[in-house]
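**Student:** Provide a 3D model corresponding to the input given below.
(one chain, ligands or ions: 1)
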Amino acid sequence: MSVEQAPVQRADFDQVMVPNYSPAAFIPVRGEGSRVWDQSGRELIDFAGGIAVNALGHCHPALVKALTDQANTLWHVSNVFTNEPALRLAHKLVDATFADRAFFCNSGAEANEAAFKLARRVAHDRFGADKHEIIATVNSFHGRTLFTVSVGGQPKYSDGFGPKITGISHVPYNDLEALKAQISDKTCAVVIEPIQGESGVVPADLAYLQGARKLCDEHNALLIFDEVQTGVGRTGSLFAYQHYGVTPDILSSAKSLGGGFPIAAMLTTNALASHLAVGTHGTTYGGNPLGCAVAAAVLDVVNTPETLAGIKAKHTRFKSRLEKIGQETGLFSQVRGVGLLIGCVLSDAWKGKAKDVLNAAEKENVMVLQAGPDVVRFAPSLVIEDADIDEGLDRFERAVKQLAQA
Ligand SMILES: *Cc1c(COP(=O)(O)O)cnc(C)c1O
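**Tutor:** Numbers count the residues shown, from 1 in each chain. Below you'll find the predicted structure:
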């Protein structure tokens with residue numbers, strides 16, 4: 001029996017929600033592939049992908065099946081028991097990566113929290129309390145818990161909440177000399193996003209990651225890659241570390257891992273995992289059967305040669321067209337990124353106006369993202385149809401040309 005739903009509008013947000021977000025004026029109500037419909041029936045093309053989350057677009061049949069099959073089987077048993085979907089997912093991740101062990105949780109911040117706690121724990125056990133310092137990079141983003149905003153280090157996210165976690169320093173991204181100057185025997189971990197996502201889609205230089213790996217080894221520090229945004233096919237490799245060929249000690253994954261269902265993972269080696277003994281860390285929902293069943297289905301689709309090759313081809317399709325739009329309008333000085341994580345850097349005349357580009361795009365029925373005030377970001381479905389790319393970029397081009405003329 002269906003129950004009548006109370007009607008709600010965007011205005012309700014301002015009455016009943018904590019005002020920490022400022023959502024768009026329309027409410028999406030349905031999605032299919034890379035198309036989304038709002039309350040009024042308007043259709044939009046989705047190049048935002050829920051911020052690099054909807055890896056297989058909306059309502060992908062394989063994910064709907066995995067979720068509904070599991071929903072009819074077993075939802076939750078707590079970590080007092082293990083469950084089959086979690087074990088199957090862990091096997092898939094271990095088989096596909098450097099890792100021997102997985103810890104499941106529910107968000108990117110939680111995966112990083114686990115990574116940072118593990119790094120501190122390992123150093124504490126092996127070397128004592130002095131070795132607890134974490135080196136992160138300027139403008140990095142690792143989530144919104146107090147530990148992760150402290151490691152992220154951006155004042156706009158971390159100031160005004162009282163004392164921060166201490167023992168954390170920040171060095172400029174892609175600057176190996178700066179890392180070399182900062183690292184010491186007190187360093188327990190260096191954490192790097194292989195591509196800085198939130199702060200502008202900035203890919204790491206290969207030599208930087210190789211150098212960071214070497215410095216960590218020389219100082220008995222662990223190398224953590226935050227792959228919450230870059231992982232699960234986004235770069236055209238299953239994880240960005242594989243794209244670069246530089247292997248971390250600990251890797252965090254979330255966003256695309258669940259394709260829209262909340263799940264995250266921290267991956268690591270046997271030797272490190274042994275430091276999180278029974279009782280040292282945990283989470284109620286982490287590794288629940290629903291999330292794990294969906295993530296396993298995501299991996300089954302993404303981690304195939306066809307899908308990964310398709311991501312690289314779609315990168316070229318986006319990039320060449322975006323470069324052309326940038327040249328014709330003078331709006332972009334550079335189009336950068338890897339795979340289907342692409343950033344259009346606004347030229348000097350348009351600096352600070354990424355939000356205006358987003359708004360103009362939405363008026364032309366295409367959803368895009370920003371990555372800071374100066375970069376327009378694209379993080380679409382990894383299996384977006386070429387026809388949707390072309391149609392969406394037609395709409396985007398119209399939006400940008402109108403903006404440039406205005
Ligand atoms: C989104 C993101 C996070 C935070 O993930 P949540 O699921 O929002 O907690 C952490 N690190 C990176 C690189 C991200 O892009």
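**Student:** Next secondary structure element downstream of the top helix by length along the chain?
**Tutor:** In the chain, with assignment by DSSP state H, the single longest helix is helix 305-329. Going down the chain from helix 305-329, the next helix or strand is strand 332-338, by DSSP states H and E.
**Student:** Please state the offset of that following strand from the chain centre?
**Tutor:** 18 Å (Cα atoms, centre = their mean, to the nearest Å).
**Student:** after it comes which helix or strand?
**Tutor:** strand 341-346.
**Student:** can you list contacts of that following strand?
**Tutor:** Here strand 341-346 makes contact (Cβ atoms under 8 Å, 6 or more residues apart in numbering) with 52, 195, 197, 200-202, 229-230, 234-235, 315, 318-319, 322, 326, 331-337, 352-354, 357, 371, 374-379. Quick note: C-beta positions are derived from backbone N, CA and C, even for glycine.
**Student:** who's in contact with the residue nearest to the spatial centre of the chain?
**Tutor:** Centroid check for the chain by Cα atoms, centre = their mean gives residue 229 as the closest residue, at 1.9 Å. Neighbouring residues of residue 229 by Cβ under 8 Å, 6+ apart: 52, 108, 193, 195, 197-198, 255, 341, 379.
**Student:** Repeat that for residue 242.
**Tutor:** Per Cβ under 8 Å, 6+ apart, neighbours of residue 242: residue 97.
**Student:** which non-adjacent residue is nearest the residue nearest to the centre of the chain?
**Tutor:** residue 197 (3.7 Å; Cβ to Cβ, 6 or more residues apart in numbering).
**Student:** From what I see, the one you found and residue 371 are in contact.
**Tutor:** Yes: with contacts counted by Cβ atoms under 8 Å, residue 197 reaches residue 371, the gap being 6.5 Å.
**Student:** Return the per-residue confidence for the closest residue to residue 318 other than its chain neighbours.
**Tutor:** Excluding its sequence neighbours, the residue lying closest to residue 318 (Cβ to Cβ, 6+ apart) is residue 342, at 5.5 Å. Note for residue 342: predicted pLDDT of 98.
**Student:** Kindly report the same for residue 218.
**Tutor:** Reported pLDDT for residue 218: 98.
**Student:** follow-up on the earlier one: is the residue nearest to the centre of the chain in a helix, a strand, or coil?
**Tutor:** Of the three states, residue 229 takes coil under DSSP: H, G, I helix; E, B strand; the rest coil.
**Student:** Residue 168 versus that one, what's the distance?
**Tutor:** As for residue 229, its distance to residue 168 is 20 Å (criterion: Cβ to Cβ, to the nearest Å).
**Student:** One more: residue 387?
**Tutor:** 47 Å.
**Student:** Among these two, which residue is more densely surrounded?
**Tutor:** residue 168 (19 against 9; other Cβ atoms under 10 Å).
**Student:** Can you say which helix or strand has the residue nearest to that one when sequence neighbours are not counted in it?
**Tutor:** Nearest residue to residue 168, sequence neighbours excluded (Cβ to Cβ, 6+ apart): residue 134, at 4.9 Å. Here residue 134 sits within strand 133-137, counting by DSSP H and E.
**Student:** what does the stretch 251-400 of the chain put close to the ligand?
**Tutor:** 254-255 (Cβ under 6 Å from any ligand atom).
**Student:** Let's see the pLDDT reported for the residue of the stretch 251-400 of the chain found nearest the ligand.
**Tutor:** For the stretch 251-400 of the chain and the ligand, the shortest gap (Cβ to the nearest ligand atom) falls at residue 254, measuring 4.7 Å. Predicted confidence (pLDDT) for residue 254: 98.
**Student:** and it, how many neighbours?
**Tutor:** Considering only other Cβ under 10 Å, residue 254 is surrounded by 29 other residues.
**Student:** Residue 266 is in contact with that one, correct?
**Tutor:** No: judged on Cβ under 8 Å, residue 254 makes no contact with residue 266 at a distance of 9.6 Å.
**Student:** which residues do these two both contact?
**Tutor:** In contact with both residue 254 and residue 266: residue 111, using Cβ under 8 Å, 6+ apart.
**Student:** for the closest residue to residue 228 other than its chain neighbours, what are its contacts?
**Tutor:** In space, and not counting its chain neighbours, residue 228 is closest to residue 108: 3.5 Å by Cβ to Cβ, 6+ apart. Applying Cβ under 8 Å, 6+ apart to residue 108 gives the contacts 142-143, 226, 228-229, 252, 254-255, 264.
**Student:** now those as CSV including secondary structure?
**Tutor:** Converted to CSV, these look like this (three-state DSSP):
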residue, secondary structure
142, coil
143, coil
226, strand
228, coil
229, coil
252, strand
254, coil
255, helix
264, strand
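**Student:** from the chain, which residue is nearest to the ligand?
**Tutor:** residue 108 (2.2 Å).
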